[in-house]
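Asks: sequence first, predicted coordinates after that:
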Amino acid sequence: MSEQIKGPLDLEREVLKRQLCTSCGACVGICPYIKVIKDRVVIIEPCGITEGKCYDICPRTGTNLGALEQMVFGKPVEELALGSLISIEMAQAKDGKVRSAGQYGGLVSALSMYATKTGDVDSFLLTKPFGKDFMPGSVLVNSAPEVLNCARSNYIASPTLAGMNQALKKGKDRLGVVGTPCQVLALRKMQASRFDGIAEKVGLTIGLFCTWALSYRELFQYLKGKLDPALITRLDIPPPPANTLTITTETTEIEIPLDDIREFIKPTCRVCYDMTAELADISVGMVEGIEDWNTLIVRTERGKKFVQKAKKAGVIGTEPLEKARLDHLRDASLQKKKRAVAEITGRTKDVKDLLYLRLRDEVLKELLPKA
């Protein structure tokens with residue numbers, strides 16, 4: 001939802017050349033002149049259009065967050081740190097096999113499997129962590145084995161929404177989507193776009209907590225100097241104070257200091273405002289210090305009804321999230337917002353120019369350093 005519609009040349013100048021692209025894939029598949037190579041989006045030829053959907057739906061073009069929040073929730077967001085929410089608690093898959101296959105509590109896998117089983121969605125769009133050449137890719141699934149085959153984190157930016165565009169063009173209805181905050185933002189911009197779109201066929205949206213994503217090329221080259229990336233079966237970044245990337249293969253496990261890979265963080269992540277996927281129906285992340293559990297934030301009535309049904313069916317179990325951990329999550333999310341605003345204003349040298357962000361004055365005031 002950008003205040004002015006521009007075209008692909010503006011997208012290239014304002015987003016791609018400024019290293020603001022999130023590699024979400026939203027623009028890929030809606031235009032024959034936009035392609036994705038690994039995690040890099042490129043415009044291969046000018047199409048001559050001065051007003052285009054590609055610009056309108058990009059999560060790094062001018063975005064009125066207040067308007068999107070009104071569209072999704074029907075009201076302004078009241079909590080700055082975590083966004084609109086109905087409930088927040090710890091949750092996990094009841095099935096031990098699902099928990100062991102997934103990351104932490106296996107909650108996303110359990111919910112995805114249940115949604116396709118009940119018909120809440122026909123298929124779920126997930127990201128398969130380790131595809132050819134270690135590059136993650138989008139996968140449309142509708143069975144438990146297919147879901148579990150995607151049940152790992154990868155920490156690499158992936159053009160997942162390109163798979164959504166392809167699936168919807170083929171007539172897929174009632175699609176569920178699991179995505180990072182920037183992917184969920186792009187999806188909501190697609191639903192709000194003044195152009196005729198197909199994203200309204202997306203039913204349930206599950207957002208993933210995300211602090212940053214790594215550049216595929218840089219990480220791949222780095223790992224090749226240490227092991228064969230094709231042998232990797234799992235990546236994990238344990239909670240502090242570990243400060244490591246844990247790499248698991250079929251035969252061994254190694255730890256790499258996070259400081260060694262921070263230089264591979266995509267530049268756009270440093271201006272990202274959202275840690276907990278605030279525009280999703282349901283948001284899921286880890287619980288620091290507790291294994292086999294996820295943090296579950298229910299944000300919309302659609303998400304609430306679905307989670308209640310999953311609980312009643314015994315698919316997931318929940319426990320209260322203790323206050324200290326909730327306070328820590330709120331602080332971490334708020335600090336990410338403040339860092340993003342500081343990074344943006346450091347680039348623009350103007351508190352009125354927040355690149356893609358359009359924030360209410362009262363919100364911006366809370367995020368700027370106190371005089």
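Replies: Alright, I've got the coordinates. For clarity, every value in this text was computed on a predicted model and none was experimentally measured. Numbering: from 1, shown residues only.
Asks: am I right that residue 345 sits in a helix?
Replies: Yes. Residue 345 forms part of a helix when assessed by DSSP: H, G, I helix; E, B strand; the rest coil.
Asks: measure how buried the closest residue to it other than its chain neighbours is and give me the count.
Replies: Excluding its sequence neighbours, the residue lying closest to residue 345 (Cβ to Cβ, 6 or more residues apart in numbering) is residue 351, at 5.3 Å. Quick note: C-beta positions are derived from backbone N, CA and C, even for glycine. Taking other Cβ atoms under 10 Å as the criterion, the count of residues near residue 351 is 13.
Asks: wait, residue 351 sits on residue 344?
Replies: No. If you go by Cβ atoms under 8 Å, residue 351 and residue 344 don't touch, sitting 9.1 Å apart.
Asks: which strands and helices sit next to the least confident helix or strand in the chain by mean pLDDT?
Replies: Ranked by mean pLDDT, DSSP states H and E, the helix or strand of the chain with the weakest confidence is strand 232-236, at a mean of 90. Here strand 232-236 touches strand 244-249, going by 3 or more Cβ pairs under 8 Å, 6 or more residues apart in numbering; DSSP states H and E.
Asks: so where is this protein shaky, pLDDT-wise?
Replies: Scanning the chain for pLDDT under 70 picks out the ranges 1-3, 132, 197-198, 371.
Asks: tell me which element the residue nearest to residue 345 is part of?
Replies: For residue 351, there is no helix or strand it lies in under DSSP states H and E.
Asks: ok, now residue 97?
Replies: Assigned by DSSP H and E, residue 97 belongs to helix 96-101.
Asks: pull the distance from the least confident helix or strand of the chain to the chain's centre.
Replies: 19 Å (Cα atoms, centre = their mean, to the nearest Å).
Asks: stretch 114-125 now?
Replies: That offset, for stretch 114-125, works out to 20 Å (Cα atoms, centre = their mean).
Asks: contacts for that stretch, please.
Replies: Applying Cβ atoms under 8 Å, 6 or more residues apart in numbering, the contact partners of stretch 114-125 are 112, 138-144, 147, 160, 163-164, 167, 172-178, 203-204, 306, 309-310, 313, 315.
Asks: that's a strand at residue 274, yeah?
Replies: No. Counting by three-state DSSP, residue 274 is not found in a strand; it is coil.
Asks: wait, residue 47 sits on residue 53?
Replies: No. Using Cβ under 8 Å, residue 47 makes no contact with residue 53, being 11.3 Å away.
Asks: hey, what's in contact with both of those two?
Replies: By Cβ under 8 Å, 6+ apart, residue 47 and residue 53 have these common neighbours: residue 31.
Asks: more neighbours, the two?
Replies: Per other Cβ under 10 Å, whichever of residue 47 and residue 53 has more neighbours is residue 53, with 22 against 16.
Asks: which residues does the more buried one contact?
Replies: Residues in contact with residue 53 (Cβ under 8 Å, 6+ apart) are 27, 30-31, 193, 195, 197.
Asks: at 7 Å instead, please
Replies: 30, 193, 195 (Cβ atoms under 7 Å, 6 or more residues apart in numbering).
Asks: so how do I select the buried members of the residues you listed in PyMOL?
Replies: To isolate the buried members of these in PyMOL, using 16 or more other Cβ atoms under 10 Å:
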select buried, resi 30+193
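Asks: can I get the contacts of residue 53 in a markdown table with secondary structure and distance to residue 329?
Replies: Converted to a markdown table, these look like this (DSSP: H, G, I helix; E, B strand; the rest coil; distance: Cβ to Cβ, whole Å):
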| residue | secondary structure | distance to residue 329 |
| --- | --- | --- |
| 30 | coil | 35 |
| 193 | coil | 32 |
| 195 | coil | 36 |
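Asks: any idea which of the contacts of residue 53 is the one closest to residue 250?
Replies: Nearest to residue 250 among the contacts of residue 53: residue 30, at 39.2 Å, using Cβ to Cβ.
Asks: for the closest one, give me its contacts.
Replies: Taking Cβ under 7 Å, 6+ apart, one finds 53-54, 165 in contact with residue 30.
Asks: quick one on the thing from earlier: just checking, the residue nearest to residue 345 touches residue 365?
Replies: No. Using Cβ atoms under 7 Å as the test, residue 351 is too far from residue 365 to be in contact (9.8 Å).
Asks: buried stuff in stretch 326-346?
Replies: Buried positions in stretch 326-346, judged by neighbour count with 16+ other Cβ under 10 Å: 329-330, 332-334, 336-337, 340-341, 343-345.
Asks: and those as TSV, adding secondary structure and distance to residue 269?
Replies: Listed next are these as TSV, based on three-state DSSP; distance: Cβ to Cβ, whole Å:
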residue	secondary structure	distance to residue 269
329	helix	19
330	helix	20
332	helix	15
333	helix	15
334	helix	17
336	helix	10
337	helix	13
340	helix	9
341	helix	14
343	helix	10
344	helix	12
345	helix	17
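Asks: and those residues, which is closest to residue 23?
Replies: Looking across these and measuring by Cβ to Cβ, the closest to residue 23 is residue 340, at 17.7 Å.
Asks: contacting residues for that closest one?
Replies: Contact partners of residue 340, counting by Cβ under 7 Å, 6+ apart, are 271-273.
Asks: phi and psi next, for residue 19.
Replies: Main-chain torsions, residue 19, degrees, to the nearest 10: phi 60, psi 40.
Asks: ok, now which ones touch it?
Replies: 267-268.
Asks: partner strands of the least confident helix or strand of the chain and their direction?
Replies: Sheet pairing for strand 232-236, assigned by DSSP bridges, gives strand 244-249 (antiparallel).
Asks: got the buried residues for the strand it pairs with?
Replies: Counting neighbours by 16+ other Cβ under 10 Å, one finds that the buried residues in strand 244-249 are 244-245, 247.
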